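Undergrad: sequence first, predicted model second:
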Amino acid sequence: MVSAPDFYEEGSHYFKGVWGQAEQSGPPGQTTLLRRLAETDGPASAADLFRAAQLPAATGEAALKTLEQHDVVATAQDDQVDFTVPLMRHWLRRYK
């Protein structure tokens, strides 16, 4: 159950690893995009995420591409971006 305290403790290694990789590697803007995506209740358009994150399109696109390559997010054909592991949204809301 997502609300169980031990869930976050047991899954924290994965989530911390994902966050650390986004935080420490280039290009910039990855953690900002993850935070903005976590604020949504579902998928969001890339353009909306870039706007909410106050990132220029080129910076946002580079960050998004990296997150996709690391299988953190996926972009559907309709340009909607979402987490590949939906529980990442809950972890970010709780800890970041």
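TA: Ah, there it is.

Undergrad: what pLDDT does residue 38 get?
TA: We have a pLDDT of 98 for residue 38.

Undergrad: and for residue 94?
TA: pLDDT, residue 94: 90.

Undergrad: got the buried residues for the longest helix seen in the chain?
TA: The helix that spans the most residues within the chain, counting by DSSP state H, is helix 5-24. Neighbour counts over helix 5-24 (16 or more other CB atoms under 10 Å) mark 8, 11, 15, 18-19, 22 as buried. C-beta: built from backbone N, CA, C; applies to glycine.

Undergrad: tell me which element residue 48 is part of?
TA: helix 46-53 (DSSP states H and E).

Undergrad: before we move on, back to that, I'd like the buried residues of helix 5-24 laid out as CSV, including pLDDT.
TA: CSV is the format used below for the buried residues of helix 5-24 (pLDDT from 0 to 100):
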residue, pLDDT
8, 58
11, 76
15, 91
18, 95
19, 96
22, 96
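
Undergrad: I'd like to know which of the residues you listed is nearest to residue 31.
TA: For these, the residue nearest residue 31 by CB to CB is residue 22; the value is 5.1 Å.

Undergrad: do you know how far that closest one is from residue 79?
TA: As judged by CB to CB, to the nearest Å, residue 22 and residue 79 stand 21 Å apart.

Undergrad: one step back: following element in sequence after the longest helix of the chain, please.
TA: Using DSSP H and E, the first helix or strand after helix 5-24 is helix 30-38.

Undergrad: elements contacting that following helix?
TA: If contacts are counted by 3 or more CB pairs under 8 Å, 6 or more residues apart in numbering; DSSP states H and E, helix 30-38 sits against helix 5-24, helix 46-53, helix 57-69, strand 73-75, strand 80-83, helix 87-95.

Undergrad: can you redo those as JSON lines with distance to residue 37?
TA: As requested, the helices and strands packed on helix 30-38 are exported to JSON lines (distance: least, CB to CB, whole Å):
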{"stretch": "helix 5-24", "distance to residue 37": "11"}
{"stretch": "helix 46-53", "distance to residue 37": "6"}
{"stretch": "helix 57-69", "distance to residue 37": "9"}
{"stretch": "strand 73-75", "distance to residue 37": "7"}
{"stretch": "strand 80-83", "distance to residue 37": "6"}
{"stretch": "helix 87-95", "distance to residue 37": "7"}
